[in-house]
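Visitor: Predicted model and sequence follow; I will ask about them next.
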Amino acid sequence: MITRRRAEERGATQLSWLDSRHSFSFAEYYDPQHMGFRKLRVINDDRVAPGGGFATHGHRDMEIVTYVLAGALEHKDSLGNGSIIRPGDAQRMSAGTGIQHSEFNHSKSEPVHLLQIWILPSAAGIRPGYEQKTIPAAELNGRLRCIASPDGNDGSVTIHQDCRIYAARLAAGERVTHALSAGRYAWVQLARGGAKLNGEAFAEGDGAAVSNETVVEIASDAGNEILLFDLG
């Protein structure tokens, strides 16, 4: 069964410097029908204007993964980490017992487009942590590349949950498949472009919960970028 979450049905936050779309309930957007899927709690599709950003704020007991689609995001946190996240980078921040951080568009002239993902951790009160990995473009093109996993497989960032996140950039006519083991579920997020998911047409920004399926097939029409979550 595939349950679509249409892009235009998502919640929205619009500020002078931020255009954000929420696949699930977040902040002032509350929808009891969309509180997450399995351990996936938040997918925010954020566009941040030049020079704009999120001032220092705190999190607890959440695995936060940031994936930049275009532009560059500047990160600083209370652990002393400072970095620039660019397309092809996967960043993981484990909030655990508590962490403070800020995120700003690194550019004064170009917007940044990113997906920020929250995953419920396997246990509360873990030690806060930070990790960032660069995935070579060649490993994202035409294939599903694991970018986050519970064991750091294939050079992915390590998250404290039974979840694997895959990314792919598909050219026109390309397709990828992902097998789901018994008892596993998937969420597919179409970050850019159009695609067919198990034969059903999806548009940019659409997401889908996949249940009771053995295979997920994603076929690109004119090119796209996707994230696939394999969830327990």
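Guide: All right, it came through fine.
Visitor: going forward, measure contacts between C-alpha atoms and count neighbours the same way
Guide: Noted.
Visitor: contacting residues around the nearest residue to residue 164 once chain neighbours are set aside?
Guide: Spatial nearest neighbour of residue 164, chain neighbours left out: residue 149 (4.5 Å); criterion: Cα to Cα, 6 or more residues apart in numbering. By Cα atoms under 8 Å, 6 or more residues apart in numbering, the contact list for residue 149 reads 156, 157, 158, 159, 161, 162, 163, 164, 165.
Visitor: mind checking the backbone torsions on residue 136?
Guide: Taking degrees, to the nearest 10, you get phi -60, psi 140 for the backbone angles of residue 136.
Visitor: Surely it touches residue 88?
Guide: Yes. Shown here, residue 136 and residue 88 form a contact pair, counting by Cα atoms under 8 Å, at 6.6 Å.
Visitor: Looking at these two, which is more packed in?
Guide: Per other Cα atoms under 10 Å, whichever of residue 136 and residue 88 has more neighbours is residue 88, with 19 against 11.
Visitor: one step back: would you turn the contacts of residue 149 into TSV with neighbour count and pLDDT?
Guide: Below are these laid out as TSV (neighbours: other Cα atoms under 10 Å; pLDDT from 0 to 100):
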residue	neighbour count	pLDDT
156	25	96
157	26	97
158	23	97
159	28	97
161	19	97
162	16	97
163	26	97
164	23	98
165	23	98
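Visitor: measure residue 57 to residue 98 for me?
Guide: Distance, residue 57 to residue 98, using Cα to Cα, to the nearest Å: 10 Å.
Visitor: Of these two, which one has the most company?
Guide: Legend: neighbour count by other Cα under 10 Å for residue 57 and residue 98, higher for residue 98 (17 against 12).
Visitor: And the more buried one, its phi and psi?
Guide: Backbone geometry at residue 98, expressed as degrees, to the nearest 10, gives phi 140, psi 130.
Visitor: So which helix or strand of the chain has the lowest pLDDT on average?
Guide: strand 53-59 (a mean of 90; mean pLDDT, DSSP states H and E).
Visitor: so of the contacts of residue 149, which ones are in strands?
Guide: Cross-referencing the contacts of residue 149 against strands under DSSP state E gives 157, 158, 163, 164, 165.
Visitor: Name the nearest residue to the second one, sequence neighbours excluded.
Guide: I take that to be residue 158. In space, and not counting its chain neighbours, residue 158 is closest to residue 152: 4.7 Å by Cα to Cα, 6+ apart.
Visitor: Now do the helices in this protein.
Guide: With DSSP state H, the ranges of helices along the chain come out as 137-140.
Visitor: Flag the shaky bits of it, pLDDT-wise.
Guide: Scanning the chain for pLDDT under 70 picks out nothing.
Visitor: For residue 33, grab the count of nearby residues.
Guide: 8.
Visitor: List phi and psi for it.
Guide: phi -80, psi -10.
Visitor: Give me the distance between it and residue 137.
Guide: According to Cα to Cα, residue 33 and residue 137 sit 36 Å apart.
Visitor: Can you get me a residue count around the residue lying closest to residue 34 once chain neighbours are set aside?
Guide: Nearest non-adjacent residue to residue 34, counting by Cα to Cα, 6+ apart: residue 24, 5.0 Å away. Neighbour count of residue 24, defined by other Cα under 10 Å: 23.
Visitor: try the one 4 residues further on
Guide: Here the count is done by other Cα under 10 Å, and residue 28 has 9 residues near it.
Visitor: Quick check: buried residues in the longest strand anywhere in the chain?
Guide: Ranked by residue count under DSSP E, the longest strand found in the chain is strand 215-231. For strand 215-231, the neighbour count (16 or more other Cα atoms under 10 Å) marks 216, 218-221, 223-231 as buried.
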